[in-house]
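J.: following is a predicted model, sequence given first.
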Amino acid sequence: MWHLNRFGMFSNSTLKIVAIITMFIDHIGASLLYRLIKNGYFAAESLDFWKECYLWCRVIGRTAFPIFAFLLVEGYLHTQNVKKYLARLMTLAVISEVIYDLALSASYPPDWIRTQNIFFTLALGLLTMILVQKAMTMTTKYFWLRWISVALVCGLACLVAGVLRFDYGFKGILVILIFYILYCERGMASLAAYLVMVYTNANSLPGFLMVNLYNGKRGLRSKYFFYLFYPLHLLVLYGISVVLLK
């Protein structure tokens, strides 16, 4: 287990709040601003300004996923009931999908975009960690069989994430697995995970840096806040766009 970081300044709840805020900013850009820009809502003289706002929202939003991936691993290693944890993630994934598709549709009236929300990525990441642990602890005199099993589980999970177009795709699963496998080497895990993300998500660096300032403390109890916030904020953003483009 990781030891408490004496230089750490962020508790579990603080990291979660930062991730939620940056995700919200990202979705303001990706859903509301993008739709308004695409549908010609803004006057020509202000269009460049709003495009710049959109880009900055997306840059800020890249901070969120590394934190969510790290907190998922923390949750898995400290939860008292991993089956309930997985069930919560899957339930929210299904409930949020229609709202997610509506909110992040590029046009109005909305079309159905071909990506799945972040809860599918997190749920698959959690399931993969469970299966990896089972593979590593299975009874066999052939140690190489364990590693083949681990490789097959990880490869299949990445394939599913890519084919079904989960948010962040196979890279999201790899980031989660890196945080899990290199759990005792936080700096190395962050560096390796960032290198996985850097080509398409170079702006995710602040999230990886913040993970290294985690102090190991729980902080505020907000177990269900994110579960409620995720679909609700997407619904609100979609509702605003409908009103403005009516």
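T.: Everything's here; your move.

J.: roughly how far apart are the residue most central in space within the chain and residue 71?
T.: Nearest to the mean C-alpha position of the chain, by CA atoms, centre = their mean, lies residue 65 at 3.8 Å. Going from residue 65 to residue 71 by CB to CB, to the nearest Å gives 11 Å. C-betas here are computed from N, CA, C, even on glycine.

J.: quick check: which element contains the residue nearest to the centre of the chain?
T.: In the assignment (DSSP states H and E), residue 65 maps to helix 64-78.

J.: does anything pack onto that helix? Which helices or strands?
T.: Counting contacts by 3 or more CB pairs under 8 Å, 6 or more residues apart in numbering; DSSP states H and E, helix 64-78 packs against helix 12-27, helix 82-103, helix 118-137, helix 169-181, helix 186-197, helix 205-211.

J.: how about that helix: buried residues?
T.: Within helix 64-78, the residues that count as buried by 16 or more other CB atoms under 10 Å are 64-76.

J.: could the residues you listed be laid out in TSV, adding distance to residue 83 and pLDDT?
T.: Output for those, formatted as TSV (distance: CB to CB, whole Å; pLDDT from 0 to 100):
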residue	distance to residue 83	pLDDT
64	26	96
65	25	97
66	26	97
67	24	97
68	20	97
69	21	97
70	22	97
71	19	96
72	15	97
73	17	97
74	18	95
75	13	94
76	12	96
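
J.: may I see those organised as TSV, with distance to residue 211 added?
T.: TSV is the format used below for the buried residues of helix 64-78 (distance: CB to CB, whole Å):
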residue	distance to residue 211
64	12
65	11
66	6
67	6
68	10
69	9
70	5
71	9
72	12
73	10
74	10
75	14
76	15
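
J.: nearest to residue 182, of those residues?
T.: Nearest to residue 182, judged by CB to CB, of those is residue 73 at 9.9 Å.

J.: any idea how many residues pack against the spatially closest residue to residue 200 that is not a sequence neighbour?
T.: In space, and not counting its chain neighbours, residue 200 is closest to residue 171: 7.3 Å by CB to CB, 6 or more residues apart in numbering. By the criterion of other CB atoms under 10 Å, residue 171 has 19 neighbours.

J.: do you know how far residue 171 is from residue 207?
T.: Following CB to CB, the distance that separates residue 171 from residue 207 is 14 Å.

J.: helix, strand, or coil at the most far-flung residue of the chain relative to its centre?
T.: Here the chain reaches farthest from its C-alpha mean at residue 141, the gap being 37.4 Å by CA atoms, centre = their mean. Put simply, residue 141 is coil when judged by DSSP: H, G, I helix; E, B strand; the rest coil.

J.: distance check, it against residue 16.
T.: Distance, residue 141 to residue 16, by CB to CB: 43 Å.

J.: how about residue 105?
T.: Applying CB to CB, the value for residue 105 to residue 16 is 27 Å.

J.: can you list contacts of the helix holding residue 65?
T.: 1, 12, 15-16, 18-20, 22-23, 26, 82, 85, 118, 122, 125-126, 129-130, 168, 172, 175-176, 179-180, 183, 190, 193-194, 197, 201, 204, 207-208, 210-211, 214 (CB atoms under 8 Å, 6 or more residues apart in numbering).

J.: chain center to that helix, what's the gap?
T.: Relative to the chain's own centre, helix 64-78 is displaced by 9 Å; criterion: CA atoms, centre = their mean, to the nearest Å.
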